[in-house]
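>>> got a sequence here, can you model it:
(one chain, ligands or ions: 1)
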Amino acid sequence: MSRLAIDAGGTWLRYEIVGEREECGRVPSQETPLWSFLSSLLKRFPDIDAAAISFAGQVHEGVILSAPNIEIDEPEIENMAESTFGIPLKIENDLNCAALAESIYWNEKDVTALYSGTGLGCGIVAGGEIFHGWRSLAGEIGHIPYKKTPLRCGCGKDNCLELYASGSGIEKWMGYLGCEGKPDLRMLAASQKAECRKIAEGYIEAMLAASATAVTLFNPKILVLGGGVIEHNPEVVDRIERDIAEYALAESLNGLKIVRSRMENASMQGAKLLLDTMTTLID
Ligand SMILES: [Zn+2]
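Take a look at the predicted model:
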C-alpha cells in the first residue's frame, strides 16, 4: 500500500506518495482548490490508504478555519476523506509540521521554528509534542502588535510584526515608499535612498524582536530560523545571534542554540512524520 503527503503552501500544492508507489508532483495553489486536488489524487491512486496535509493556514481538529492564500472548497476535509474515500487523513498547520520535522532533524524535544517567508510564522515543539493552544492558534507571532504603520496586514491590522519581518511586509513598504527593484534585503541595504535602506534595517530589528519574543515565551533549546527570506539572506541569522542579548531575557539565552534550517522542505517532512504516527495507530 502507499501513503500520500501533501504540502499545501500559498504558492504550490505539492504531493509525495511514499510506500510501494513513489511519485511526486505539484500544481499552483491559485489554480486548484485543496479538496479537488486531494480527491483527484485519491481517485487516481486507489492504493493510497492514508494521507496527511501540511497546511499554510489555521486548522483545528481536522477542520480548516482560515487560509490567506489557498482556495478552500471543503473545510471539513478530514471527515470528507473518511466518508468519501474511507481513508484516515490528518491535517496540521505547516509551521507546526515544520517544527516537528526540525525537532527530529536536530534531535531535540524543545524546538521553536521561526520562519520568515511571505509571512512570519512560528511553530513550537515542547517536550516532543506540538504546542497547539485551545483552538490550535498558538504561535501566530506575525500578528502580535509591534509598531503602528501606514500599511495593512493580511489580518486587517496596521501594527503587526509581520509588516516588518516578512517578504510581504518588505514589498508593502517598498510600494509605499516608492523603492524600485526586487524585494531583496541586500539591494535595499545598498540603496541610494535612505528610506529604502531603512526597510532592510527595520527587517533586522523586527526579526530580532521576533526571535527574542519566541525564546522568551517558549524557552526552546534550539531556535531554528527558516523560510524564503532567511534562505536568501543567511547573514540575518548571524545578526540575530550577535544582537539577541539586547532583546531577550538573559536567562532564556543560557544554553540556547540559534541555527538556520538545513532542511529542504521541513513542512513536507512534517507531513510525512504525521503519516508515520498514523501508521502506528492503524497497525
Ligand atoms: Zn497581522
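>>> which residue is nearest the middle of this structure?
Centroid check for the chain by CA atoms, centre = their mean gives Leu95 as the closest residue, at 3.6 Å.
>>> give me the element that one is part of.
helix 94-105 (DSSP states H and E).
>>> ok, then the element right after that helix?
strand 111-116.
>>> neighbouring strands - and their directions - for the next helix or strand along the chain from that next one?
Stepping forward along the backbone from strand 111-116, the first helix or strand reached (DSSP H and E) is strand 120-126. Next to strand 120-126 in the sheet, as set by DSSP bridges, lie strand 111-116 (antiparallel), strand 129-130 (antiparallel).
>>> about what we covered before: give me the nearest residue to the residue nearest to the centre of the chain, chain neighbours excluded.
Nearest residue to Leu95, sequence neighbours excluded (CB to CB, 6 or more residues apart in numbering): Gly123, at 3.6 Å. C-beta coordinates here come from the backbone N, C-alpha and C atoms, glycine included.
>>> what's opposite that neighbour in the beta bridge?
Ala113.
>>> show me what contacts it?
Neighbour list for Gly123: 93, 95-100, 102, 112-113, 115, 130, 139 [criterion: CB atoms under 8 Å, 6 or more residues apart in numbering].
>>> which one of those residues sits closest to Leu274?
Nearest to Leu274 among these is Cys97, at 6.9 Å by CB to CB.
>>> quick check: closest non-adjacent residue to the closest one.
Gly270 (2.6 Å).
>>> run a quick neighbour tally on the one you found.
For Gly270, the tally of surrounding residues (other CB atoms under 10 Å) stands at 30.
>>> same deal with Gly255?
Taking other CB under 10 Å as the neighbour definition, Gly255 ends up with a count of 7.
>>> for the ion, what are the nearby residues on the stretch 51-200 of the chain?
His143, Cys153, Cys155, Lys157, Cys160 (CB under 5 Å from the ion).
>>> which pLDDT does the model give the fourth one?
As predicted, Lys157 sits at a pLDDT of 96.
>>> OK, contacts around the residue lying closest to it once chain neighbours are set aside?
Spatial nearest neighbour of Lys157, chain neighbours left out: His143 (6.9 Å); criterion: CB to CB, 6+ apart. By CB under 8 Å, 6+ apart, the residues touching His143 are Cys153, Cys155, Lys157, Cys160, Leu161, Glu162.
>>> so which of those are in helices?
Secondary structure assignment by DSSP state H places none of those in helices.
>>> just the buried ones from those residues?
Buried by 16 or more other CB atoms under 10 Å: Cys153, Lys157, Cys160, Leu161, Glu162, out of the contacts of His143.
>>> filter the residues you listed down to the ones in strands?
Using DSSP state E to define strands, no part of these is located there.
>>> can you name the two of these that sit furthest apart?
Across these, the longest distance by CB to CB is 10.4 Å; it joins Lys157 and Leu161.
>>> any common contacting residues for these two?
By CB under 8 Å, 6+ apart, the residues touching both Lys157 and Leu161 are His143, Pro145.
>>> still on that earlier bit, which of the contacts of Gly123 lies closest to Ala209?
Thr112 (14.6 Å).
>>> so in terms of bridging, what pairs with the nearest residue to Ala81 once chain neighbours are set aside?
Distances taken as CB to CB, 6+ apart put Leu89 closest to Ala81, at 3.7 Å, once the chain neighbours are dropped. Following DSSP bridges, Leu89 is listed with bridge partners Ala51.
>>> ok, now how distant is Leu89 from the ion?
Separation of Leu89 from the ion (CB to the ion, to the nearest Å): 29 Å.
>>> that residue and Glu74 touch, don't they?
No. With contact defined as CB atoms under 8 Å, Leu89 does not count as touching Glu74 (11.2 Å).
>>> of the two, who's got more company?
A direct count of neighbours by other CB under 10 Å for Leu89 and Glu74 places Leu89 higher, at 22 against 16.
>>> just for this protein, where's the confidence low?
Applying pLDDT under 70 to the chain flags the ranges 279-283.
>>> I'd like the distance between the residue lying farthest from the centre of it and Ala200.
Using CA atoms, centre = their mean, the residue of the chain lying farthest from its centre is Gln192. It sits 33.2 Å away. Distance, Gln192 to Ala200, using CB to CB, to the nearest Å: 13 Å.
>>> can you list the buried residues in stretch 166-183?
Ser166, Gly167, Ser168, Gly169, Ile170, Lys172, Trp173, Met174, Cys179, Pro183.
>>> quick one: which of those residues is nearest Asp7?
Gly167 (18.1 Å).
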